[in-house]
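1. quick one: sequence plus predicted model below, questions after.
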Amino acid sequence: MGGTETDIPLLVDGKRNDGRTIDQMRPVKIEAGVLERADGSAYVELGETHAIAAVYGPKEMHPRHALIPNKGVLKVRYSMLPFSVGDRKRPGPDRRSREIAKVTREAFESVVLLDKYPRSAIEIDINIMQADAGTRVVGLTAASVALADAGIAMTDLISSCASGKIEDTVVLDLNGLEDNCGQADVPIAMTGKGEQIALMQMDGLMTKEELNQAMEYAVTGCKELHKAQVDALRRRYQ
Amino acid sequence: MGGTETDIPLLVDGKRNDGRTIDQMRPVKIEAGVLERADGSAYVELGETHAIAAVYGPKEMHPRHALIPNKGVLKVRYSMLPFSVGDRKRPGPDRRSREIAKVTREAFESVVLLDKYPRSAIEIDINIMQADAGTRVVGLTAASVALADAGIAMTDLISSCASGKIEDTVVLDLNGLEDNCGQADVPIAMTGKGEQIALMQMDGLMTKEELNQAMEYAVTGCKELHKAQVDALRRRYQ
Amino acid sequence: MGGTETDIPLLVDGKRNDGRTIDQMRPVKIEAGVLERADGSAYVELGETHAIAAVYGPKEMHPRHALIPNKGVLKVRYSMLPFSVGDRKRPGPDRRSREIAKVTREAFESVVLLDKYPRSAIEIDINIMQADAGTRVVGLTAASVALADAGIAMTDLISSCASGKIEDTVVLDLNGLEDNCGQADVPIAMTGKGEQIALMQMDGLMTKEELNQAMEYAVTGCKELHKAQVDALRRRYQ
Amino acid sequence: MSVQIIPTLAKKATRALIKSGKRSDGRAFDQMRPVKITVGDYKRAEGSATCWLGKTMVAAGIKIGVGTPYPDSPNVGVLSSNAELVPAADPQFQAGPPKEEAIELARVVDRGIRESKCIELEKLCITPGEETRMVYIDSYVMDNDGNYMDAASIAAITALHNTVIEDFGPLPITKKPIANTFIKVGSDILLDPCLEEEYVADARLTISVEENNNVCAMQKAGSGSWTKDEVLKCVDLAITRAAETRKKVEDALAAFGKEPAPAQPSAGKM
Amino acid sequence: MSVQIIPTLAKKATRALIKSGKRSDGRAFDQMRPVKITVGDYKRAEGSATCWLGKTMVAAGIKIGVGTPYPDSPNVGVLSSNAELVPAADPQFQAGPPKEEAIELARVVDRGIRESKCIELEKLCITPGEETRMVYIDSYVMDNDGNYMDAASIAAITALHNTVIEDFGPLPITKKPIANTFIKVGSDILLDPCLEEEYVADARLTISVEENNNVCAMQKAGSGSWTKDEVLKCVDLAITRAAETRKKVEDALAAFGKEPAPAQPSAGKM
Amino acid sequence: MSVQIIPTLAKKATRALIKSGKRSDGRAFDQMRPVKITVGDYKRAEGSATCWLGKTMVAAGIKIGVGTPYPDSPNVGVLSSNAELVPAADPQFQAGPPKEEAIELARVVDRGIRESKCIELEKLCITPGEETRMVYIDSYVMDNDGNYMDAASIAAITALHNTVIEDFGPLPITKKPIANTFIKVGSDILLDPCLEEEYVADARLTISVEENNNVCAMQKAGSGSWTKDEVLKCVDLAITRAAETRKKVEDALAAFGKEPAPAQPSAGKM
């Protein structure tokens, strides 16, 4: 957590600086099939955090020596555009991007039916167009819709949001200011039914009880996202 | 264009700072077969700009997965030696070098009979030993002689020079000072007969009429270079 | 040589700053088989310079196009840990590491029976845990034990130490202070019998006579190391 | 490389259609696809825009930083251009360090803007020789159906005109250079090629034109060649089409309410 | 990738053993392997330690440098973490730039330490906005028999507590966050997996816990998933085991004679 | 790797010839190929030279820059050496980051010059601890018929003696260390190997010698080994040959009219 000090009160009478209640998510907007060339694609807004994800595949695996004979390989690229953040981000993957790509890939490995795609690759490309906290969860939510849009077989959609802690209170879905000045951040990805945690990271300080609360909020958030994901896919195929 | 201001008059009574007329090229010197190991090689001087080009091939294509079954692949490397310029150039390709290598390769693709070299690579290596403007055109002129010296089948030699604009006047073959303080630079590569433009770039500001004039000067320049190229090859094989 | 000036006398009455005589090596400690996973491994201390070497192989050669049909390929990595030196060393190979890896590999090529390992790779990984001069010779001495521990066929063990020159006197086995303030450094690797020089580098200034003396000291040093290497291997297999 | 994977049959059909004077989407050879421009899309950027040419989409964002001027122009701001062919945009685009196509894109976008001298870079210097504002142009090709070069050029110049610098005001910028890309297929010349047309192109020519109908940058690419007369014909058409496209940029900026007034003289003083 | 080269038969046997409630080395599921910690092993480092978990060995060294503080925290020292999976440690570890596993290791070790706020980084600043001490943590996995993550975390925190800065004194550090890694095999949860257990793991979960039993970092990895109840169960166990491991760290530091006294207030003044 | 592509038959023939006491070009084993040196060839460099050993050609250029001295030697100028095996020179030389051969070349050239202390680097410091002149040596192997190491060493030292620094005067340099490379083929030792001889070499030894007949750098390479007596024999011959080569360097510098007078005491003052 940034832990930057701030004079702005983050929580006043149960309301957050952007007017939300502690268990309220920022406005969600999801659209499927936003790109022409990709096999599947999606655009997701969560407040001021915006991501575009694209999926290609199943396609021939390169390099050949890395293919797996009896199942497919997921590849994930996560990239923040240089102008998506306050200080320009240098292009190219940094260590944070590579870690996020890894945990995102592992999240999807729990739902994509890779056995159906022997010797193949499925490529997920996540682009953060605008960042205001929660980029990994927004990117993951977008990638899940893009996978479905591409017709990739999955046991379930994945939905992802973060809980956090500000002024000793657990809240759902930190915005940028809360992320910079907060006490903990817990990005979580869940399958649609909210039972399986496919991604979980945490930094900051939380008691076991707070962590429990954080996960409960995340279940609510992910359910809301799941509904929006399904709606977007439905609109796409009407 | 550098657009650097200067107190040195670039043009006085139709004469340029190095004594040339506006349609006069710097002195040309071309020698073929200057390297022992290369399959073909050439040295070209245009005023104070000096280049050595070498050609290897046709040879086995690496990596194998990039070979083309029914034709050859041209590869071009363009490199300015660290001591070829005022401030030492860091070794290794920069973005400018890679762009020049691309447009140079595409220029040669218009004349090399690649159909004759299935599954093969032809490698062109251009080294700028000393730079005083026009390095890409001198490198290209040298590479053309090196290709011929290597016996690579071509429909024609390529010759290359630049036109430019200084003090609102179109001139042939900018020198370093003119390049730094001038208004436009138009490197052009033409086939020997001066009819086909195989490379053309431009930066600066020019009207359509000036561009026309620039191309006409380039035709003259390229014809002079073509003659010197043919002479060099003739000397080599006498 | 560093050639850094110093007020510390390096040599007083034939004694060096750490109490050694001019032909005395620092205390040696060698242990074979210190790592569980590696096929062979060794730990070597020479005074305050400590190295761990590991060997894997013979194993399948990668990349495939670099394998040699009728013999094995040695690969050597030499790495100083970031905290092994005074100012933190940036991770990753620098030019010095790559040169040392090359001369180390070539030293072992003179004793490893590569003909016995067609199409295979033998990988040597040298890690300098703590550096106080002589890291390449300590690494090489460790790698030699690790190769034997891995059961790799060799004509002989290699032992390696450095001679040097301080205050116009040739001495055996420079320590860090002597290396920084000395006049010459001559790392040498010899086969166990002290007859064949498998690695030799030199920097500083030495007459032919001094060089002769340096090599003679190195023979003595290498013989002492060879004994310690054999002892370590014996202990390992008792 | 992309050429390799397009079935020969499809390429033959495209060539035949062009030879008969037609394009698959019904356009005339000298006609552009629909140009759509949105402004201010990426709010963390100091300026931004998106340009669609048909289905091709490029996002451009401007970031302002602070850095050191170049030693040879100590009182001039620094302009730095970067472009990426995002894997999302095309199955041929691979992750990894920029390939020569992305480098060429960045450099051609840069050249059109730099050579038109549309940005008053001297105004961006803070302390001569020591500190200046840096203008970073990042063009991201998000969806590729051909001619990302022009889409990137349009997105970038629109984003620059949309740029407001904190504690300074609007970016001091005067002109709107516009890139126009032609391809040659046999003896035919086509403006604004879509992807299937690019696959059969013998050569490419990009011509950037500024307000005064000066050409400010050119770039020939591809394995074929051009005659002098073809080049001049393209220049003529580029001048006409650039004016039309420039109007669309202005409309988009106006719609955003941010066709900025000329930078105030006082702005440069700080 | 390593999964590919382990014979299917061996993996089946490991799974069957676990299903029957046993581990190959006879431990209980919630039990760690023997923890061995040595302190001050690498004398050129300002602080160092080695940790063995069973046969897994990680060397950690702390170097102190001088650099520029981050612009957004001008009076705070800089902490930088790096990890390497040394080729010596495992035939699967290849030379070359760090792969994602090494990056994840460095970042998880870093997060546990950083988020516990155990290092008083403000005390390390020399001239606000200009010059600060830098703390470099380098974790080197030298021998891999599974769970290098916890071994690295233990080695790193021990090395930090062993650190003495020239002209300053002991590194001002207050707490000892400890990482605890669990894997899930079918419906079983195992603490401190050895390598053969990692090969059959469906998912991994690392939980760092500090003195006050606060969780300060978590990281889920692997292709499987966890339920909320499983996570809470792991948190409970992590809190218990972290306290035991912390005791071992303290014993090792005490044995070295260097469980340092709290940094003197005066130390920060220079 | 190059060894692989030379037909076994050709290698056998070369070995047989050497065994019979002969070299393909008729030289004696202890004889160099014709040495040709030209001076001042590359005019943008502050100093330059080209050296041919037979058909092997190396171009060396010296550039002078300004930078920061190393912290541990604040009043000493910085010497930086780089070498490239240009693809033009040999079909085995590939484009890309420097391979170990190029790195070794740069480091051996550097060592011979640095260790002879021929450059008075202290005179190049401008403001101790803050600013110093940097001396960059770039050796470019343009044509490779073996023993580029000696050719580079000769080109580099000649270029350094040809160097004039703007606003300062000639580079303050006193000596001319010369590298001499030997190979061992069976029991025979050959000076200045050509390429076909290198292909059959068992081991290599480079010995740099300065004016006072001190050895200032050595480098053994190759898979074979040397005896102490062989090394001493090579040292003897290196001393003799270095003196001859040094004379050629001096002649080339004199012919260029630029065997520079010793740097004036006043020059160092600015």
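-> Received, thanks.

2. when you work out contacts or count neighbours from here on, use the C-alpha atoms and nothing else.
-> OK.

3. which parts of stretch D:154-168 are buried?
-> By neighbour count on 16 or more other C-alpha atoms under 10 Å in any protein chain shown, the buried set for stretch D:154-168 is D:154-165, D:168.

4. sorry, that was for stretch D:236-251
-> So for stretch D:236-251, counting by 16+ other C-alpha under 10 Å, buried means D:L237, D:A238, D:I239, D:R241, D:A242, D:A243, D:T245, D:R246, D:K248, D:V249, D:E250.

5. likewise for stretch A:11-28?
-> A:L11, A:R16, A:T21, A:I22, A:D23, A:Q24, A:M25, A:R26, A:V28.

6. kindly check the end-to-end length of it for me.
-> Its start and end residues considered, stretch A:11-28 measures 22 Å (C-alpha to C-alpha, to the nearest Å).

7. one more: stretch A:23-35?
-> By C-alpha to C-alpha, the extent of stretch A:23-35 from end to end equals 33 Å.

8. so for that stretch, mean pLDDT?
-> Stretch A:23-35 comes out with an average pLDDT of 98.

9. quick one: distance of it to the chain centre.
-> Its chain's C-alpha centre and that of stretch A:23-35 lie 11 Å apart, by C-alpha atoms, centre = their mean, to the nearest Å.

10. measure stretch A:24-36 end to end?
-> Note: stretch A:24-36 ends 34 Å apart using C-alpha to C-alpha.

11. actually stretch D:33-50, not the one I wrote
-> 15 Å.

12. who's in contact with it?
-> With C-alpha atoms under 8 Å, 6 or more residues apart in numbering or on different chains as the test, stretch D:33-50 has contacts from A:83-86, A:129-131, D:27, D:51-54, D:57-64, D:155-156, D:158-165, D:192, D:245, D:248-249, D:252-253, D:256.

13. what's in contact with stretch D:63-76?
-> The contact list for stretch D:63-76 (C-alpha under 8 Å, 6+ apart) reads A:82-83, A:87-88, D:45-47, D:77-78, D:121-125, D:127-137, D:165.

14. rerun that using 7 Å as the cut-off
-> The contact list for stretch D:63-76 (C-alpha atoms under 7 Å, 6 or more residues apart in numbering or on different chains) reads A:83, A:88, D:45-46, D:77-78, D:121-122, D:124-125, D:128-137.

15. number of residues surrounding A:T49?
-> 27 (other C-alpha atoms under 10 Å in any protein chain shown).

16. ok, it - contacts?
-> A:T49 sits in contact with A:Q130, A:A131, A:D132, A:A133, A:T135, where contact means C-alpha under 7 Å, 6+ apart.

17. verify the stated contact: the third one with A:E48.
-> Yes: in this structure A:D132 lies within contact range of A:E48 using C-alpha atoms under 7 Å: 5.6 Å.

18. now the helices for the chain?
-> You didn't pick a chain, so chain A it is. Secondary structure of chain A (DSSP state H): helices at A:95-109, A:135-149, A:176-181, A:208-236.

19. switch to chain D, please.
-> Ranges of helices in chain D, per DSSP H, are D:8-19, D:100-115, D:148-161, D:195-199, D:228-255.

20. returning to that earlier point: take the contacts of stretch D:33-50 and keep only those in strands.
-> Judged by DSSP state E, the subset of the contacts of stretch D:33-50 located in strands is A:129-130, D:51-53, D:57-64, D:164-165.

21. chain neighbours aside, what residue packs nearest to residue 149?
-> Answering for chain A, as no chain was given. Nearest residue to A:D149, sequence neighbours excluded (C-alpha to C-alpha, 6 or more residues apart in numbering or on different chains): A:G40, at 4.6 Å.

22. ah, no, chain D please
-> Leaving out its chain neighbours, the residue that sits closest to D:M149 by C-alpha to C-alpha, 6+ apart is D:L105, at 6.1 Å.

23. what's the answer for A:A53, then?
-> Nearest non-adjacent residue to A:A53 (C-alpha to C-alpha, 6+ apart): A:I126, at 4.4 Å.

24. what's the spacing between D:L195 and chain A?
-> Taking C-alpha to the nearest C-alpha, to the nearest Å as the measure, D:L195 falls 11 Å from chain A.

25. and of the helices of chain D, who's closest to F:E115?
-> When those are ranked by proximity to F:E115, the top entry is helix D:100-115, at 42.2 Å, counting by C-alpha to C-alpha.

26. packing partners of the closest one?
-> Secondary-structure packing of helix D:100-115 (3 or more C-alpha pairs under 7 Å, 6 or more residues apart in numbering or on different chains; DSSP states H and E): helix B:95-109, strand B:197-206, strand D:78-85, helix D:148-161, strand D:215-221.

27. can I get the longest one in CSV, CA atoms only?
-> C-alpha atoms of helix B:95-109 as CSV (Å, rounded to 0.1, in the frame of the first residue of the first chain):
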residue,chain,number,x,y,z
ARG,B,95,15.7,3.0,-33.9
ARG,B,96,17.1,5.1,-36.7
SER,B,97,19.4,2.3,-37.8
ARG,B,98,16.6,-0.2,-37.8
GLU,B,99,14.4,2.1,-39.9
ILE,B,100,17.1,2.7,-42.4
ALA,B,101,17.8,-1.1,-42.6
LYS,B,102,14.1,-1.6,-43.4
VAL,B,103,13.8,0.9,-46.2
THR,B,104,17.2,-0.2,-47.6
ARG,B,105,16.0,-3.8,-47.7
GLU,B,106,12.8,-2.8,-49.3
ALA,B,107,14.7,-0.9,-51.9
PHE,B,108,16.8,-3.9,-52.9
GLU,B,109,13.7,-6.2,-52.9
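
28. what residues does it touch?
-> B:74-79, B:136, B:140, B:198-199, D:100, D:103-104, D:221-223.
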